[in-house]
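Enquirer: Below are the sequence and a predicted model for it; my questions follow.
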Amino acid sequence: MNRRRAPRRIFHSQRRGAQSEGEWRQRKEEQWQDQGKAQVREESREQQVKETVPRGTCQTMCPSRELRDRETQNRLHRFEMLAGTERNRLPKGDPLRAVKEYSRPAAGKDSTNPTDLRPPAVLLKAVCYLIDDIAASTDLHPWTEVYSFVFDRLRGVKQDMIIQRVSGLDCVAILERTVRFLIYSSYQLCGEPLRLYDPRINDMHLQENLSWLLDCYKTGTGPNPNQEEFQALGLLYNLGSARVAQHIMELPERLRSSPAISLALSINHAFLERNPVRLLRLSQRLNFLQSCALHRHLVTCRRDLLLIYSHGHSSRNCRFPLDRVAQLLSLDTSLTTQLCQLYGVEFNQDNHVVFSKATFTEPEQGKLQCKLYHNIVAEKQTDLTIGRIIHGCS
C-alpha cells in the first residue's frame, strides 16, 4: 500500500532568500523613518496653507473702497443710502447701513485683499444686522425686495468665509442664521412670480449652507447646542432622501433619539410609506420653523390622500363626511371643498364627499396655488417675529 509522503515543512529561517532578523529590523526602521518624514512634510504643507490663507482686516460691514465705487457708479441699494441724500443724483452711502455685496469671481480680480475681507466677528455682526434691521423690520416693504437684498448680502458673507476658510463657532453661528432665513423665505415667498423669487435658486443655496453646517457639526469640537434642531430641519426639508436618512442613522444614539429628530424620522417614515394621514397628524406636533421646512411636501401629501381615498372608497353607496375629510387634510371646510374640486372629487346634495377613482383628475398647471393651503403652518407663527425665528428664539 502506497503511502503519500507528508510535505516537508520549511521554516521561515530555511526559505531561500529569507531575511535575517537584523535585515528585517533595518527595513522596518527605514519604513518608520519614511512615515515620519511624510508626516513632517504634511504638517509643513498644512502650515504653508495656513500662512497663505488671507485674513481679513476690514472692520466695517462694507469695505470703504467698495462703498466709494458704488457711490460713484450709483449702485447703492435704497436700504444703504444716507438719510436725506436719497433724491440726489448720486446718493451717499451710510457706512453704518451699507453691506458688502456679492461679487462674481472674475479673471484678474484680486479677491484676497485683506482690506476688502471681513474677519469672522465682523461677518457675524453683518448677518445680525441683516436679520434685525432689514429682514425683521416692519417698515421695509415689499418683503420680496427685503429678501433679494438680504439674500445677496448673505452670499457676500459666504464668499468672504470661503476665501478665509472660516471655521469654528462664528462659522456655525452664521450658517445657522442663514439656513433659518432661507427656510423661512421658502415658505413666506411661496407662489411669488419667478422674477421676484426663484425657489430653485433658494433651494440650491439652502442645501449648500445646510451641508456646510452639518459638516461643521461633524468635524468641529463644539459645543453645538442647536445640532438637534438643524439635523431635524434637514430631514424634514428633504423628506424621502436616502442620503439624508442615511446621514441621520449614522448620528450617535443620544442625538438620534432626541425628540426633534425622532419626530422627523417618524414623519419621513410616513412619507416613504405613502401614509399621508399619519404624516399630517404628526406634522401637528412640529414648531413653526419645522413646519416651514415641511411645507413644500404638503401639496404632494394631500394629493396622495385624496388619490388613496378615491380608490379605497370608490363606491356609489359610499358617502364621506366633509368635516372628516377636512380634519384629515388639516384644512377648513371651504379650502377642503376647493381642493377636492381641483382633483375632481365630487359632492352630493347633502354636502358629503363622494370618492370615485374614475373622476379623480390632476389639476391643470397653475391652478393649484400652494400658498392658499398654508394654514397648517401659518397658525403656528402666532406672535413670533422674524427676528426671533431666524435667531432661533422661537
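Expert: Noted; the coordinates are in hand.
Enquirer: which residues sit in contact with Leu282?
Expert: Under the criterion of CB atoms under 8 Å, 6 or more residues apart in numbering, the contact list for Leu282 reads Leu263, Ser266, Ile267, Ala270. Where you see a C-beta, it was placed from the backbone N, CA and C, and this is true even at glycine.
Enquirer: which secondary structure element contains the nearest residue to Asp132 once chain neighbours are set aside?
Expert: Counting by CB to CB, 6 or more residues apart in numbering, Gly387 is the residue found nearest to Asp132 once chain neighbours are left out, at 5.5 Å. Taking DSSP states H and E as the criterion, the element that holds Gly387 is helix 386-391.
Enquirer: What pLDDT is listed against the residue nearest to Asp132?
Expert: On pLDDT, Gly387 comes in at 95.
Enquirer: tell me the contacts of it?
Expert: Ile131, Asp132, Ala135, Ala136, Cys393.
Enquirer: picking up where we left off before, quick one: which of the contacts of Leu282 is most hemmed in?
Expert: Comparing the contacts of Leu282 on neighbour count, Ile267 comes out first with 26 neighbours (neighbours: other CB atoms under 10 Å).
Enquirer: Thought Ala326 was touching Asp332, still the case?
Expert: Yes: at 6.2 Å, Asp332 and Ala326 qualify as touching, with contact defined as CB atoms under 8 Å.
Enquirer: hey, which helix or strand in this protein has the poorest pLDDT?
Expert: The helix or strand with the lowest mean pLDDT-type score in the chain, counting by mean pLDDT, DSSP states H and E, is helix 21-52 (a mean of 63).
Enquirer: so where is the protein shaky, pLDDT-wise?
Expert: Judged by pLDDT under 70, the chain has its weakly predicted residues at 1-22, 24, 28, 33-51, 106-108, 394.
Enquirer: How many residues are close by the nearest residue to Cys58 once chain neighbours are set aside?
Expert: Ranked by CB to CB, 6+ apart and with sequence neighbours excluded, the top spatial neighbour of Cys58 is Arg118, at 4.8 Å. Here the neighbour count serves as a burial measure; for Arg118 (other CB under 10 Å) it reads 26.
Enquirer: what about Arg118, distance to Glu66?
Expert: Separation of Arg118 from Glu66 (CB to CB, to the nearest Å) stands at 11 Å.
Enquirer: what sits in contact with each of the two?
Expert: Contact criterion CB under 8 Å, 6+ apart; residues bridging Arg118 and Glu66 by contacting each: Lys100.
Enquirer: What lies in contact with the host helix or strand of Gln246?
Expert: Gln246 is part of helix 242-249 when elements are defined by DSSP H and E. With CB under 8 Å, 6+ apart as the contact definition, helix 242-249 has outside contacts at Leu214, Gln231, Gly234, Leu235, Asn238, Arg256, Ile261, Ala264, Leu265, Asn268.
Enquirer: Tabulate those residues (TSV), appending neighbour count, secondary structure and distance to Val354.
Expert: Shown next, in TSV, are the contacts of helix 242-249 (neighbours: other CB atoms under 10 Å; DSSP: H, G, I helix; E, B strand; the rest coil; distance: CB to CB, whole Å):
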residue	neighbour count	secondary structure	distance to Val354
Leu214	19	helix	47
Gln231	24	helix	43
Gly234	24	helix	41
Leu235	25	helix	37
Asn238	18	coil	36
Arg256	15	helix	44
Ile261	20	helix	41
Ala264	28	helix	36
Leu265	17	helix	37
Asn268	21	helix	33
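Enquirer: Closest to Pro225 out of those residues?
Expert: Closest to Pro225 out of the contacts of helix 242-249 is Gln231 (12.4 Å), distances taken as CB to CB.
Enquirer: Helix or strand: which one has the closest residue to Pro95 other than its chain neighbours?
Expert: Nearest residue to Pro95 in three dimensions, chain neighbours excluded: Thr60, at 6.0 Å (CB to CB, 6+ apart). Using DSSP H and E, Thr60 is not contained in any helix or strand.
Enquirer: just Glu145 next, same as before
Expert: Here Glu145, judged by DSSP H and E, is contained in helix 143-164.
Enquirer: List the buried residues of the next helix or strand along the chain from that helix.
Expert: Towards the C-terminus, the helix or strand next in line after helix 143-164, according to DSSP H and E, is helix 169-188. When burial is assessed from 16 or more other CB atoms under 10 Å, helix 169-188 yields the following buried residues: 170-188.
Enquirer: can you tell me how far the residue nearest to Asp132 sits from Arg303?
Expert: Distance from Gly387 to Arg303, by CB to CB: 35 Å.
Enquirer: likewise Met249?
Expert: Relative to Arg303, Met249 is positioned 28 Å away (CB to CB).
Enquirer: Same question for Glu80.
Expert: In this structure, Glu80 and Arg303 are separated by 44 Å, where distance is defined by CB to CB.
Enquirer: Mind checking which of those two has more residues around it?
Expert: Neighbours per residue, other CB under 10 Å: of Glu80 and Arg303, the larger number sits with Glu80, 24 against 18.
Enquirer: and that one, backbone torsions?
Expert: Here the main-chain torsion angles of Glu80 (degrees, to the nearest 10) amount to phi -110, psi 0.
Enquirer: And the spatially closest residue to it that is not a sequence neighbour, how far from Asp133?
Expert: Take Glu80 and drop its neighbours on the chain: the residue closest to it by CB to CB, 6+ apart is Ala98, 4.2 Å away. Look at Ala98 and Asp133: by CB to CB, they are 12 Å apart.
Enquirer: Between the two, which is the more surrounded one?
Expert: More neighbours sit around Ala98 than around the other of Ala98 and Asp133, counting by other CB under 10 Å; the figures are 25 against 14.
Enquirer: and Asp160, how many residues sit next to it?
Expert: If we define neighbours as other CB under 10 Å, then Asp160 has 23 of them.
Enquirer: Do I have it right that the residue nearest to Pro95 meets Lys125?
Expert: No: under the contact definition of CB under 8 Å, Thr60 does not touch Lys125, with a separation of 9.5 Å.
Enquirer: Would you map the strands across the chain?
Expert: Counting by DSSP state E, the chain has strands at residues 320-321, 346-347, 352-354.
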